[in-house]
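Trainee: Predicted coordinates and the sequence they were generated for:
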Amino acid sequence: MGYHLNFNLVWRHFDKLLNGLVLSLELALLSILIGAVIGLTLAVWYVSAGRFARGLISGYVEVIRNVPLLLLVYLVFYGLPTVVNIAYDATTSFVLTLSLYSGAYLVEVFRSGLDAVPRGQIDAGRAIGLTPIQRLAYVRLPIMTRISLPALSNTFISLFKDTSIASVIAVPELTFGAQWINNTTFRIVEVYLVVTTIYLIAGYMILLLLRLVERRFRVER
């Protein structure tokens, strides 16, 4: 007996997918903002600190980058509250995890961007009497940001897709909405075809928007 596609039940609960999409975008945006603060702080510290501090930062980066995101989600949601006796909801837990995860990648992005700032620009800032803090704020960071935009765009798109993992701890994002519809209607093929299309369209729209930003602020060679 063949399987007959029927999307009516999916459209009936389509609001769960739309709400989930909005939450997925919010999770990705909030996580990359927090992750950018973490990454930039550690990157600046890395390029100006001694060997011990560099070792600590490198250790953080290597641990996060080599541990599966799913395992990190479980450790933060189930393990951390047990060890330090704190309580937070699933959404807060996932934002914390994804921020730490993105921060580890953005350390390398920003560090590479700082290393790519032309030495002549830094020397020019020193020549006109800028202090080290002023050279960082007015010379290195603006140039680094423009250099790092393509990598930041890729990271944001990757984080948007990674928000699907939040479904394992019942965060009501897009994939969790799809699972709810599937468990309610048993239309597994239809609901995941629709969700796949939503991810594709949303990801492509994000890419187009970020490419416009990149073209606006790109560094001319």
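Mentor: That came through, no problem. Residues are numbered from 1 along each chain as shown.

Trainee: Any regions of the chain where pLDDT drops low?
Mentor: For the chain, applying pLDDT under 70 flags the ranges 1, 219-221.

Trainee: Check the gap between the most centrally placed residue in the chain and Y138 for me.
Mentor: Taking C-alpha atoms, centre = their mean, the centroid of the chain lies closest to L159, which sits 3.7 Å from it. For L159, the distance to Y138 equals 29 Å [C-beta to C-beta, to the nearest Å]. Placement of C-beta: from N, CA and C, glycine included.

Trainee: again with F110
Mentor: 17 Å.

Trainee: Between those two, point out the one with more neighbours.
Mentor: F110 (27 against 12; other C-beta atoms under 10 Å).

Trainee: Excluding sequence neighbours, find me the nearest residue to the more buried one.
Mentor: For F110, ignoring the flanking residues on the chain, the nearest one in space by C-beta to C-beta, 6 or more residues apart in numbering is A43 at 3.6 Å.

Trainee: cool, G203 as well?
Mentor: Using C-beta to C-beta, 6+ apart, the closest residue to G203 is I157 (5.8 Å).

Trainee: dump the residue contacts of the one you found.
Mentor: G203, I206, L207, L210 (C-beta atoms under 8 Å, 6 or more residues apart in numbering).

Trainee: Just put these in TSV and tack on distance to I181, neighbour count and secondary structure.
Mentor: Below are the contacts of I157 laid out as TSV (distance: C-beta to C-beta, whole Å; neighbours: other C-beta atoms under 10 Å; DSSP: H, G, I helix; E, B strand; the rest coil):
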residue	distance to I181	neighbour count	secondary structure
G203	21	14	helix
I206	24	16	helix
L207	27	14	helix
L210	30	17	helix
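
Trainee: and of these, the nearest to G129?
Mentor: Nearest to G129 among the contacts of I157 is L210, at 36.7 Å by C-beta to C-beta.

Trainee: Look up the closest residue to that closest one, ignoring the ones flanking it.
Mentor: Closest to L210 by C-beta to C-beta, 6+ apart is S153, at 3.9 Å.

Trainee: Check the burial of A124 by counting its neighbours.
Mentor: Neighbours of A124 (other C-beta under 10 Å): 13.

Trainee: and it, what is it in contact with?
Mentor: If you count contacts by C-beta under 8 Å, 6+ apart, then A124 has V139 around it.

Trainee: run the last query once more with 10 Å
Mentor: Counting by C-beta atoms under 10 Å, 6 or more residues apart in numbering, A124 touches P118, L130, R135, V139.

Trainee: Let's have these in CSV, adding distance to N182 and neighbour count.
Mentor: Output for the contacts of A124, formatted as CSV (distance: C-beta to C-beta, whole Å; neighbours: other C-beta atoms under 10 Å):
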residue, distance to N182, neighbour count
P118, 53, 11
L130, 59, 16
R135, 55, 19
V139, 53, 19
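
Trainee: re the thing from before, distance of the residue nearest to G203 from E26?
Mentor: Distance from I157 to E26, by C-beta to C-beta: 15 Å.

Trainee: now swap in Y46 and tell me
Mentor: Counting by C-beta to C-beta - Y46 and E26 are separated by 30 Å.

Trainee: quick one: which of those two has more around it?
Mentor: More crowded of Y46 and E26, by other C-beta under 10 Å: Y46, with 19 against 14.
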